[in-house]
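>>> Structural data only, the sequence is not supplied:
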């Protein structure tokens, strides 16, 4: 492959002008720029990325640490991250931790050793605190999406889970429901606690007392919520409405209700959270009402916040908060 010196000689310009073209800097006439580009194309010239990074003191790469890149729920988030990064001429380097903290720590170490200009991490599991503190310590330029750190100022993209849960519960109340229960998502996640608190606050504000079965603890799986709802129905404790902390367990609630011959939403109204898809493929579910997360916009904002931090070293950490949107479908009037 041709060298910069050879490109400069054939184009009859200096190495400095070739370098300016490579780094998209001013100070090159249109004629010289085009001649240099033509010679590069002729020789299939590919600039040395490491050398360019040393000159610019930038890798033009962002590292993204996530738990799962194959979950279709995250596709909009990933698209928002990738589209925005590429629009600013950044390469996006994604890695999947596969729910293993040691694997994610390994990727953070890799990214932080000068291979990226910044790191974006997604997650709100309480076990992620060690990971987040490691990112904050090793990389000045970092953004957490849905993650937070007590006592540590760090750039964050957050969803107002409390307000989203409040909105869902309030809608059920305004529809005339009073025997409303909340089935939680996995309580190892901060977002699950925030959604639980939003439900409790709405019930309190509308003076609807909570009973011993008003809050049912489940996890993020359809089967667990299905079993819990089957138990309530068998014990004669059927609610008339249910706000579920995530969509996958919400589909479990629907499965149990449909097995019991309940009419949706006449006998049981259901609102989930996330705008996600069911795990089961052996049953046709009614359209689930839900609180939709603006994941694409959150990914876009995450990259923009990181690039702003890169461009303005030393500025204070910032937080941008998004709202979930109530989407009404077949499971709620």
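Looks like it arrived, so ask away. These numbers were taken from a predicted model, which means no experiment stands behind them.
>>> Pull the residues that contact stretch 296-303.
Contacts to stretch 296-303, defined as Cβ atoms under 8 Å, 6 or more residues apart in numbering, come from residues 62, 76-85, 88, 90, 120, 143, 145, 157, 159, 320, 322. No exception for glycine: its C-beta is placed from N, CA and C like everyone else's.
>>> Just those: which are in strands?
Of the positions in the contacts of stretch 296-303, 62, 120, 143, 145, 157, 159, 320, 322 sit in strands, assigned by DSSP state E.
>>> The fifth one: how many residues sit nearby?
Right, the one you point to is residue 157. 27 (other Cβ atoms under 10 Å).
>>> The last one now?
Look at residue 322: counted by other Cβ under 10 Å, it has 16 neighbours.
>>> if I look at it, how far off is residue 298?
Distance, residue 322 to residue 298, by Cβ to Cβ, to the nearest Å: 6 Å.
>>> now the strands for this protein?
61-66, 91-96, 118-122, 142-145, 155-159, 180-183, 215-216, 241-244, 269-271, 290-292, 319-322, 325-327.
>>> The contacts of stretch 296-303, buried ones only, as a ChimeraX selection?
Selecting only the buried entries of the contacts of stretch 296-303 in ChimeraX, with 16 or more other Cβ atoms under 10 Å as the criterion:
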select :62,76,77,78,80,81,82,84,85,90,120,143,145,157,159,320,322
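>>> Can you name the residues that contact residue 214?
With the criterion set at Cβ under 8 Å, 6+ apart, residue 214 makes contact with 180, 181, 182, 203.
>>> if we can go back for a sec, just name the closest of the ones in strands among the contacts of stretch 296-303 to residue 239, please.
residue 159 (26.0 Å; Cβ to Cβ).
>>> This protein: helices as residue ranges?
Along the chain, the segments classed as helices by DSSP state H run 4-11, 15-22, 30-42, 49-56, 75-87, 101-112, 129-138, 161-174, 190-205, 222-234, 247-259, 295-311.
>>> weakest of those helices by average pLDDT?
Mean pLDDT per stretch puts helix 49-56 lowest among the helices of the chain, at a mean of 50.
>>> May I ask which two of the ones in strands among the contacts of stretch 296-303 are separated the most?
The distance between the two most remote of those (Cβ to Cβ) is 21.0 Å, for 62 and 159.
>>> Mind splitting the chain into its structural domains?
The chain resolves into domains spanning 4-56, 61-160+294-323, 161-292 when parsed by automatic domain parsing.
>>> Please identify the most buried of the ones you listed.
Relative to the other members of the domains of the chain, domain 161-292 carries the highest mean neighbour count by mean count of other Cβ atoms under 10 Å, namely a mean of 20.
>>> and that one, how far apart are its ends?
11 Å (Cα to Cα, to the nearest Å).
>>> again, but for stretch 90-110
Across stretch 90-110, the terminal residues are separated by 18 Å (Cα to Cα).
>>> Just give me how far that stretch sits from the chain centre.
For stretch 90-110, the distance between its averaged C-alpha position and the chain's averaged C-alpha position is 15 Å (Cα atoms, centre = their mean, to the nearest Å).
>>> Give me the distance between residue 277 and residue 44.
In this structure, residue 277 and residue 44 are 44 Å apart, going by Cβ to Cβ.
>>> before we move on, what about residue 236?
In this structure, residue 236 and residue 44 are separated by 75 Å, where distance is defined by Cβ to Cβ.
>>> Done for today, thanks.
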